[in-house]
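In: One predicted model, sequence on top.
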Amino acid sequence: MILVLEIFRSAQTVYKKHGSLLRAWLTFIPFIAVLDPKYVQVILNSSKLSDKNFMYSFMHNFLGQGLITSSGRKSKSHRRYISSYFKTNYLEQFLQTFDKCARSMVEELKEKDKVQITTIVNHCILNILHQTIMGISPEEKEKLSESPFNKGQISLLQRILHPWLLLNCVYRRTTRSKLEFKQKLSLKEFSRKVLERRKKEREKHKTMDWCLLDGFIEISETKPDFTDEDIVDEVCTFMLAGQDSVGAATAFTLYYLAKFQDVQNKVNEEIKEVISNSNITIEKLDKMKYLERCICESLRICPSVPLVTRKLCEDVKVGEHVLPAGCNILISPFSTHRSPQYFPEPETFDPDRFCTQVHNCAYIPFSAGPRDCLGKRFAMLEMKTVISNLLQSYKVSLAPGNEQLQLQYRLTLRAKGGITLMLEKR
Ligand code: HEM
């Protein structure tokens, strides 16, 4: 038996000490932690076991009841409707925005030689999301400054760490709950206004860059079970799902590229060869295989989403064990990615380990199966665009004192104190 935090702290030794199927406590809540990729596969790949557990309901105040937090029929139909908008022909329309926002990020770095890259990257990612999800362009400075998505905060971790707050009757009386409720109202209110504005603009047949909200409106025009309230919830979900996850993964990758100059040089050679100051296209981004392996390796060591949970709706056999219906399952990409059987010397940064095929559930930064990340290709194209734009202009290295990465385990994984880089103009 082990506390969930220990799964992180002793990720390297957890397999030796406890095996890959263990009972774990998240304060007073029992979980079964499933770390072995073969067992993880049984759970994540089953469409019958795709229900999220009670923890996700604590995110309703933040994310609304969109795809990430919902279960059952609603999540299945929403996912079916929305997933077609994450295919290449739609993503292609976002490339210009990725590129434009990345270029203006690089422009802002002019005259600077030392930067907190986490903050800079997060700002760029937020601009990209405002444009691609809601159709608010980076030029609409006033609208952007009003956006409550710039400062959203989730209370789930506080509630877990102070478990009496998990009881709604207690939590409702706290100042934190009132603030969270106010925040939920402002996220929804803002999204509702943006929806109304977009509908009006569509009526006037204004030529506009396509955004995901257009897709949501199109769905609602033909599917009666996809209402305006659902649109608002999905806007909140996508705005928040694509924020810290991508921000952290981009910053972690830049950390490793700054730390290992030989790897950065190889990435830079690839960028020169593939892009050579021409326009970015999906084909070119797909060609950047070495950069992709660097991003994958950063996501292996530092997966932005370090924990995924499920509730079993039926008994499940994994190996010789039967996990009973009703129990809470915890899957930890952070720990599974450190399985020495699949990733020898797991703490070593080695992008070339992805030259050979790995077990599909040994590497799960985007989860796997019917509830895997809908935005994974969006995220990969976006991260490649942002990183290659930065590296075309600057050589990056670690600022003195920033050599050691300290991780902070929030809902998403972060670098404690951010990541500070030195920039040298190329
Ligand atoms: C590096 C970036 C990202 C990582 C590591 C990541 C990781 C994940 C993971 C692990 C899940 C499963 C969560 C769970 O089951 O509890 C997930 C779900 C999801 N992600 Fe991402 N994500 C990233 C970027 C994005 C982006 C850019 C978007 C959209 C713009 C997005 C949209 C979603 C959605 C909608 C789901 C819910 C899918 C469902 O439950 O059917 N993600 N993501």
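Out: Yep, it's here. Since the structure is predicted, the reported quantities are computational estimates derived from the model, not experimental observations.
In: can you give me the strands in the stretch 1-150 of the chain?
Out: For the stretch 1-150 of the chain, the strands defined by DSSP state E, counting those that start in this stretch cover 2-3, 21-26, 29-34, 114-116.
In: Show the average pLDDT along the first one.
Out: Per-region confidence: strand 2-3 scores 53 on mean pLDDT.
In: what does stretch 120-135 give?
Out: Summarised as a single mean, pLDDT over stretch 120-135 is 97.
In: and among the strands of the stretch 1-150 of the chain, the most buried is which?
Out: strand 29-34 (a mean of 21; mean count of other CB atoms under 10 Å). Quick note: C-beta positions are derived from backbone N, CA and C, even for glycine.
In: what is the orientation angle of that one with strand 21-26?
Out: With axes from the mean of the first three to the mean of the last three CA atoms, to 10 degrees defining the directions, strand 29-34 sits at 150 degrees from strand 21-26.
In: Now render the strands of the stretch 1-150 of the chain as a markdown table, adding distance to S71.
Out: What follows is those, written out as a markdown table (distance: least, CB to CB, whole Å):
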| stretch | distance to S71 |
| --- | --- |
| strand 2-3 | 27 |
| strand 21-26 | 19 |
| strand 29-34 | 17 |
| strand 114-116 | 38 |
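In: Just give me the neighbour total for E424.
Out: When neighbours are counted by other CB atoms under 10 Å, E424 registers 9.
In: for the stretch 201-350 of the chain, what spans make up the helices?
Out: 212-222, 228-241, 244-259, 261-274, 282-287, 289-301, 333-336 (DSSP state H, counting those that start in this stretch).
In: now these as a markdown table including mean pLDDT?
Out: Output for those, formatted as a markdown table (pLDDT from 0 to 100):
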| stretch | mean pLDDT |
| --- | --- |
| helix 212-222 | 97 |
| helix 228-241 | 94 |
| helix 244-259 | 97 |
| helix 261-274 | 97 |
| helix 282-287 | 96 |
| helix 289-301 | 98 |
| helix 333-336 | 91 |
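In: Could you dump those into JSON lines and include mean neighbour count and distance to the ligand?
Out: Formatted as JSON lines, the helices of the stretch 201-350 of the chain follow (neighbours: other CB atoms under 10 Å; distance: least, CB to the nearest ligand atom, whole Å):
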{"stretch": "helix 212-222", "mean neighbour count": "18", "distance to the ligand": "8"}
{"stretch": "helix 228-241", "mean neighbour count": "22", "distance to the ligand": "4"}
{"stretch": "helix 244-259", "mean neighbour count": "24", "distance to the ligand": "3"}
{"stretch": "helix 261-274", "mean neighbour count": "16", "distance to the ligand": "18"}
{"stretch": "helix 282-287", "mean neighbour count": "16", "distance to the ligand": "15"}
{"stretch": "helix 289-301", "mean neighbour count": "22", "distance to the ligand": "6"}
{"stretch": "helix 333-336", "mean neighbour count": "25", "distance to the ligand": "7"}
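In: E347: which of those is closest?
Out: When those are compared by CB to CB, helix 289-301 sits nearest E347, at 7.1 Å.
In: Keeping just the C-alphas, turn that closest one into CSV.
Out: This file holds the C-alpha atoms of helix 289-301, laid out as CSV (Å, rounded to 0.1, in the frame of the first residue of the first chain):
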residue,chain,number,x,y,z
LYS,A,289,10.9,13.8,-37.0
TYR,A,290,13.9,14.6,-34.7
LEU,A,291,12.1,17.5,-33.1
GLU,A,292,9.1,15.3,-32.7
ARG,A,293,11.2,12.7,-30.9
CYS,A,294,12.5,15.4,-28.6
ILE,A,295,9.0,16.6,-27.7
CYS,A,296,8.0,12.9,-27.1
GLU,A,297,11.0,12.3,-24.9
SER,A,298,10.2,15.5,-22.8
LEU,A,299,6.6,14.3,-22.5
ARG,A,300,7.8,10.9,-21.4
ILE,A,301,10.0,12.3,-18.5
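In: residues in the chain within reach of the ligand, list them.
Out: 67-68, 75, 79, 237-238, 241-242, 245-246, 249, 304-305, 308, 365-367, 371, 373-375, 378-379 (CB under 6 Å from any ligand atom).
In: Pull out the buried members of these.
Out: 67-68, 75, 237-238, 241-242, 245-246, 249, 304-305, 308, 365-367, 371, 373-375, 378-379 (16 or more other CB atoms under 10 Å).
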